[in-house]
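With the sequence up front, the predicted model follows.
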Amino acid sequence: MILYHGSFLEIAKPDLVHSRSNVDFGRGFYVTPLREQAVKWCGKFKRRGKDGVVSRYVYDECRENELKILKFDSYSEEWLDFILNCRRDNDTTDYDLIVGGVANDKVFNTVELFFDGLIDKTEAIDRLRYEKPNLQICFRTEKALSLLHFEGSEMI
C-alpha cells in the first residue's frame, strides 16, 4: 500500500521523536493513502511561507498481523471518545497503529462544540454521521514504523 505524508520537508526516516501529543490519535507519525489529503496537509506550511513536500512510502501490509491495530470505520462514539482522550493527553492505550477518520475543519468544529460542552455526544455523532471521513493512519511505535519504507518525495 502506498501512503503519503504532507510536511514542509522530506521525511526519509520517519521517527516518533518529532511527533506531538494532543492530536487525533496521539503521538505518532501520520500518513494517508490519499495523496490529495497529504497535499492539503502541506497547505498549512505553505500559508506560513514554507515549502510543501509530500513524502511517499510503501507500507508492508503482509506483516500487519505483528501489530496491535485499532481501526475506526466511521465517525462514531468510540472514535469521538478516542479523539477526545488523545487531545486531552489521556490516552493510555498501547496500539502500534491506528486507522481512522481525520478531524478536518468541519469535523473539528463539531468535536470542539462537544469538547466545550455546547452540544451533547448524541448531537455530535448525529452531525458527524453526514461527513465523509478522510483517512489517516498513525504509526505509534518503532515496531509499526519498521513496516513503512520511504520511496521518495515531491515539492508541492
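Received it, and whenever you're ready, just let me know what you need. Numbering: from 1, shown residues only.

Find the centremost residue of this protein, please.
The chain has residue 136 as the residue nearest its centroid, 3.8 Å off, counting by Cα atoms, centre = their mean.

Read off the pLDDT value for residue 105.
In this model, residue 105 is scored at 67, pLDDT.

Also residue 81?
At residue 81, the predicted lDDT confidence score is 89.

Burial check on it, number of neighbours?
11 (other Cβ atoms under 10 Å). For the C-beta atoms, the positions are set from N, CA and C on the backbone; glycine is no exception.

where does the protein have low pLDDT?
103-105, 132-133 (pLDDT under 70).

change it to 80
103-108, 111, 129-133 (pLDDT under 80).

Phi and psi next, for the residue sitting furthest away from the middle of it.
What lies farthest from the middle of the chain is residue 118; by Cα atoms, centre = their mean that is 25.3 Å. The phi/psi pair for residue 118 (degrees, to the nearest 10) reads phi -90, psi -20.

Report the contact partners of it.
Contacts for residue 118 (Cβ atoms under 8 Å, 6 or more residues apart in numbering) come out as none.
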